[in-house]
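In: Return a 3D structure for these sequence lines:
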Amino acid sequence: MNKQLTPEQAVSKIKNGITLMVGGFLANRSALKILELLCHSDVKDLTLIVNDSGFPDSAYGKLLANGQVSRLITSHMGTNPAAIDLMNAGKLEVEFVPQGTLAERIRAAGAGLGGILTPTGLGTLVEKGKEKITIDGKEFLLEKPLHADISLIGASIGDKSGNLIYKGTSQNMNPLMATAADLVIAEVGELVETGSIAPEQVHTPGIFVDFIVD
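Out: Just a heads-up that it's a prediction; the model follows:
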């Protein structure tokens, strides 16, 4: 199967109203080519699951600033004044999730778990509406998995079968998000032939990746 797509073909798979996961930390090793085209498309009403709100002039931050996102699930958004203004105006629904909990909820979806138990958020607004479970006399919040229709992954190197390598901090949320969506599209900095990456170097196996953009 040929997994290669152009950025334009990748964007065509993203439809109004879907749940979209985007890897990256302040857009570090995000799928920048795809996101830039998406920002110039008519796609709207997205639910966006992302580590942070980025910056208003680039990547997923621009997607927020454009008003193309109706619901945001994230750990913080202090770097994007445009997104904050939309939230305060009631035009953007935001669910704040502690960063570690966000990562674990995504991991839980990828692992097929029913959720995770964590004490983080007890006694704060985070616990509102969530089930509490007591184990050995200690209370935990039940945090449910986060799953997406599409994940956009940014990798440093990928082969034509979809095996991926992330260099340095570009690992961030990318490996987790590659396991937690119905459709996974990876944008790579360098595309190599299948077999060029040693098996022990692979961070995300190609079985998780549906399409590759370079």
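In: Distance of the nearest residue to residue 62 once chain neighbours are set aside relative to residue 161?
Out: Nearest non-adjacent residue to residue 62, counting by C-beta to C-beta, 6 or more residues apart in numbering: residue 39, 4.7 Å away. Placement of C-beta: from N, CA and C, glycine included. Residue 39 sits 29 Å away from residue 161, taking C-beta to C-beta, to the nearest Å as the criterion.
In: Which one of these two is surrounded by more residues?
Out: residue 39 (20 against 16; other C-beta atoms under 10 Å).
In: show me the contacts for the more buried one.
Out: Contacts for residue 39 (C-beta atoms under 8 Å, 6 or more residues apart in numbering) come out as 62, 63, 66, 68.
In: of all those residues, which comes closest to residue 86?
Out: residue 66 (9.8 Å; C-beta to C-beta).
In: Take the contacts of residue 39 and keep only those in strands.
Out: Per DSSP state E, strands hold no members of the contacts of residue 39.
In: Output the residues you listed as JSON lines; include the columns neighbour count, distance to residue 88 and pLDDT.
Out: Below are the contacts of residue 39 laid out as JSON lines (neighbours: other C-beta atoms under 10 Å; distance: C-beta to C-beta, whole Å; pLDDT from 0 to 100):
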{"residue": "62", "neighbour count": "21", "distance to residue 88": "19", "pLDDT": "97"}
{"residue": "63", "neighbour count": "28", "distance to residue 88": "18", "pLDDT": "97"}
{"residue": "66", "neighbour count": "17", "distance to residue 88": "17", "pLDDT": "97"}
{"residue": "68", "neighbour count": "20", "distance to residue 88": "18", "pLDDT": "98"}
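In: Among the residues you listed, which ones are in helices?
Out: When DSSP state H is applied, the contacts of residue 39 are split such that 62, 63 fall in helices.
In: Now for the contacts of residue 39: which two are most distant?
Out: 62 and 68 (8.9 Å).
In: My guess is residue 157 contacts residue 190. True?
Out: Yes: counting by C-beta atoms under 8 Å, residue 157 touches residue 190, with 4.8 Å between them.
In: Give the residue from the two that has the larger number of neighbours.
Out: Ranked by neighbour count (other C-beta under 10 Å), residue 157 and residue 190 place residue 157 first, with 19 against 12.
In: Which residue is the nearest non-sequential neighbour of the more buried one?
Out: residue 165 (4.2 Å).
In: How about the contacts made by the one you found?
Out: Per C-beta under 8 Å, 6+ apart, neighbours of residue 165: 155, 156, 157, 158, 197, 201, 202, 203.
In: could you flag which of those residues are buried?
Out: Among those, those classed as buried by 16 or more other C-beta atoms under 10 Å are 155, 156, 157, 158, 197, 202, 203.
In: Quick check: the farthest pair among these?
Out: Of all pairs in these, the most separated under C-beta to C-beta is 156 and 202 at 12.1 Å.
In: Touching the helix or strand hosting residue 186 from outside, list them.
Out: Using DSSP states H and E, residue 186 maps to strand 181-192. Identification of contacts with strand 181-192 by C-beta under 8 Å, 6+ apart yields 4-5, 7, 10, 13, 21, 31-34, 147-160, 162, 164, 177-178, 204, 208-214.
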